[in-house]
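Sequence first, then the predicted structure:
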Amino acid sequence: MGFSAKQVHALKRNLDRRHIRTRQANGRELSYIEGWYAVAEANRIFGFDSWNRETVDSKCVVARENRGSFLAVYIAKVRITVHAGRSTAVREGHGTGEGRGLSPGEVHDIALKSAETDATKRALATFGRPFGLSLYGSKATSSAKISGADAITADVAGENVRLPPDGTKPIPRPSRYYGRRQDMVTRELTEGRRQLNLQPSVDTSIVPASHNPDITKVDKSVLAIAEPKRLRDKAHLRFVASHPCLVCGRQPSDPHHLRFAQPRAIGLKVSDEFTVPLCRGHHRQLHQAGNEVKWWETAKIHPVVVAKGLWEESRLKRYPVQRAQASAATGNAESRTDPDKLPSKTE
């Protein structure tokens, strides 16, 4: 192969256990890495312009509806092509994805993206441990829990690792990552603050206890490479669904997320503040149209303006007491009219 010495060294490194996630499936605990992390590692190791991903095939194998609830299952085949010097490496992977919900369009969209992401991770895993190849072993995640006081550092195979006193199994020292998400260093500080039970420096007294967001969560909208906030508010979605369809005025309606309102992300929908009510027929028609912006222009409707109006109306109706307390505490007129200062959950 034409990989450089630096790339070969990176492909031989162990997977940082901070990025391993677990979930329950059929009574078993499965370990995996997230799709965004696999893509970011590929960009870091291979280079942004030295590899590409292609969906070779995708198929819907299950599509059901039960009392307004939809289920869709997709399978996908993805091909990864890596250009290394004068050589080219081609790897393929298969994956499955499942989507459940009240909107058929969103259910199929989630299932297809999940299948493509799963296939991408399996294809990248063939390149080595940084992409989760070691997770397929039976003892992938089993390791002793050793505190910092009981471990010493040593140089094993050219890597700085943490070695238990009994010499049972070396633990790789966490490496800093400066890829797509540049908040890994901040996460280390956050984890340390959580373990020490330090109190936050942010005043959350004006936010109800049931709506307080995780105070240690990083606001990625202020990073050097900023990411848009994606707010999640189930009560607001119910509020939007209580309104008639924007096109025909019929009810009941589905809360449709305006996919063009924010940049696309793997497995993430746009913020709930960009939702508008659509009846089941027009909702299905919009998802089948392909070009959402053109579809709204043909209907002569400005959905972003409507979504913003519904968001402000929903927030101001549900949090009048907190809004008044915030206004009295700060004396700032902007806090009395800005609904984004009210409680919400952010991804």
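Sure, I can see it.

now for the strand or helix carrying residue 91, which elements pack on it?
Secondary structure assigned from DSSP states H and E places residue 91 in strand 87-101. Packing partners of strand 87-101 (3 or more CB pairs under 8 Å, 6 or more residues apart in numbering; DSSP states H and E): strand 69-84, helix 104-125. The C-beta positions use only the backbone N, C-alpha and C, and glycine is treated the same way.

Buried deepest among those, which one?
Sort the helices and strands packed on strand 87-101 by mean neighbour count, taking mean count of other CB atoms under 10 Å, and helix 104-125 sits at the top with a mean of 22.

For that one, name the packing helices and strands.
Applying 3+ CB pairs under 8 Å, 6+ apart, one finds that helix 104-125 makes contact with helix 35-46, strand 51-66, strand 69-84, strand 87-101, helix 280-289.

Now do that helix and strand 87-101, the angle between them.
Orientation check (axes from the mean of the first three to the mean of the last three CA atoms, to 10 degrees): helix 104-125 against strand 87-101 gives 150 degrees.

tell me the mean pLDDT over helix 104-125?
For helix 104-125, the mean pLDDT works out to 91.

which regions of the stretch 201-347 of the chain sit below the pLDDT cut-off?
In the predicted model of the stretch 201-347 of the chain, residues 201-227, 320-347 satisfy pLDDT under 70.

just the helices in it please.
234-241, 280-289, 292-299, 303-318, 320-330, 334-337 (DSSP state H, counting those that start in this stretch).

Show me the one of the ones you listed that comes nearest residue 75.
Set against residue 75 and scored by CB to CB, these come closest in helix 280-289, at 20.1 Å.

returning to what we had before: mind putting the helices and strands packed on helix 104-125 in a markdown table, distance to residue 234 included?
Listed next are the helices and strands packed on helix 104-125 as a markdown table, based on distance: least, CB to CB, whole Å:
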| stretch | distance to residue 234 |
| --- | --- |
| helix 35-46 | 24 |
| strand 51-66 | 21 |
| strand 69-84 | 16 |
| strand 87-101 | 12 |
| helix 280-289 | 18 |
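
what's the closest of these to residue 232?
Counting by CB to CB, residue 232 lies closest to strand 87-101 out of the helices and strands packed on helix 104-125; the figure is 13.9 Å.

Within its sheet, name the partner strands of the strand holding residue 91 and how each one runs.
strand 69-84 (antiparallel) (DSSP bridges).

Show me the one of the helices of the stretch 201-347 of the chain that comes nearest residue 261.
Judged by CB to CB, the one of the helices of the stretch 201-347 of the chain that comes nearest to residue 261 is helix 303-318, at 6.1 Å.

Report the inter-axis angle for that closest one versus helix 234-241.
For helix 303-318 against helix 234-241, the angle by the same axes, to 10 degrees is 120 degrees.

Counting by contacts, list what helix 303-318 packs against.
helix 234-241, strand 275-279.

could I get those as a markdown table with distance to residue 55 and mean neighbour count?
Formatted as a markdown table, these follow (distance: least, CB to CB, whole Å; neighbours: other CB atoms under 10 Å):
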| stretch | distance to residue 55 | mean neighbour count |
| --- | --- | --- |
| helix 234-241 | 30 | 16 |
| strand 275-279 | 28 | 25 |
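
rewinding a little: dump the strand holding residue 91 to CSV, restricted to CA.
What follows is strand 87-101, C-alpha atoms only, in CSV (Å, rounded to 0.1, in the frame of the first residue of the first chain):
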residue,chain,number,x,y,z
SER,A,87,-2.4,3.1,-4.8
THR,A,88,-6.2,3.0,-4.2
ALA,A,89,-7.9,0.9,-1.5
VAL,A,90,-11.6,0.0,-1.9
ARG,A,91,-13.6,-1.4,0.9
GLU,A,92,-17.3,-2.2,1.2
GLY,A,93,-19.7,-2.6,4.1
HIS,A,94,-23.3,-3.5,4.7
GLY,A,95,-25.5,-2.0,7.3
THR,A,96,-29.1,-1.8,8.6
GLY,A,97,-31.1,1.1,10.0
GLU,A,98,-34.5,1.3,11.7
GLY,A,99,-36.8,4.3,12.1
ARG,A,100,-40.0,4.7,14.2
GLY,A,101,-42.3,7.7,14.5
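
quick one: that strand to strand 51-66, angle?
20 degrees.

who's in contact with strand 87-101?
Here strand 87-101 makes contact (CB atoms under 8 Å, 6 or more residues apart in numbering) with 1-2, 56, 69-82, 106-127.
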